[in-house]
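Trainee: Mind looking at a prediction? Sequence and model below.
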Amino acid sequence: MSESQHAPIAVRCPDGRDLEVLLGGDPDGVALVYHHGTPQAAWAFGLLDDAARAAGLRTVCYSRPGYGRSTPRAAWQPIADDVADT
C-alpha cells in the first residue's frame, strides 16, 4: 500500500447500505474513481495511487455491494445499478 493510501472507510448509501471505500492519491486533488472490474472488492493499487498523486488526483475505489466489507443489496440487481453507488 502506498503511503498516501488510507485504511478502508465505510460510506453510508441513502438506502442504508455501507460501501467499503479506499481513498488514495492527493488528498486535495480532483477525484478519480477507479472501477477495478467485477467481481472484486476494493484493493490498493500502488502504481495507480502513485501516478494519481503525481498528477494531483485523488483516487477513489470501492467494493461493489456484497464484496469486501460492502453490504449486499436485499435483492439481486444488475451491475449497471452500481452507477448510483458511484
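Mentor: That came in fine, so what should we check first?
Trainee: all contacts plus neighbour counts: C-alpha atoms, from now on.
Mentor: Fine.
Trainee: mind listing what's buried in stretch 58-74?
Mentor: For stretch 58-74, burial by neighbour count (16 or more other CA atoms under 10 Å) applies to 58-71.
Trainee: So what would you say the end-to-end distance of that stretch is?
Mentor: 31 Å (CA to CA, to the nearest Å).
Trainee: where along the protein do the helices fall?
Mentor: Under the criterion DSSP state H, the chain contains helices at 46-54, 82-85.
Trainee: out of these, deepest packed?
Mentor: helix 46-54 (a mean of 17; mean count of other CA atoms under 10 Å).
Trainee: Give me the mean pLDDT for that helix.
Mentor: Helix 46-54 shows a mean pLDDT of 92.
Trainee: now stretch 67-81
Mentor: Rounded mean pLDDT across stretch 67-81 is 90.
Trainee: And the contacts of that stretch?
Mentor: 10, 17-20, 39-42, 63-66 (CA atoms under 8 Å, 6 or more residues apart in numbering).
Trainee: Quote the end-to-end distance of it.
Mentor: Taking CA to CA, the first and last residues of stretch 67-81 lie 15 Å apart.
Trainee: chain center to that stretch, what's the gap?
Mentor: Offset of stretch 67-81 from its chain centre (CA atoms, centre = their mean, to the nearest Å): 14 Å.
Trainee: what do you get for stretch 50-58?
Mentor: Relative to the centre of its chain, stretch 50-58 is centred 16 Å away, using CA atoms, centre = their mean.
Trainee: Also stretch 33-50?
Mentor: For stretch 33-50, the distance to the chain centre is 7 Å (CA atoms, centre = their mean).
Trainee: what does stretch 74-86 give?
Mentor: Per CA atoms, centre = their mean, the centroid offset for stretch 74-86 relative to its chain is 14 Å.
Trainee: Make sure Val11 is actually in contact with Leu23.
Mentor: No. Using CA atoms under 8 Å, Val11 and Leu23 do not qualify as a contacting pair, with a distance of 11.5 Å.
Trainee: Who has more neighbours out of those two?
Mentor: Leu23 (22 against 15; other CA atoms under 10 Å).
Trainee: Could you check how far that one is from Ile79?
Mentor: 22 Å.
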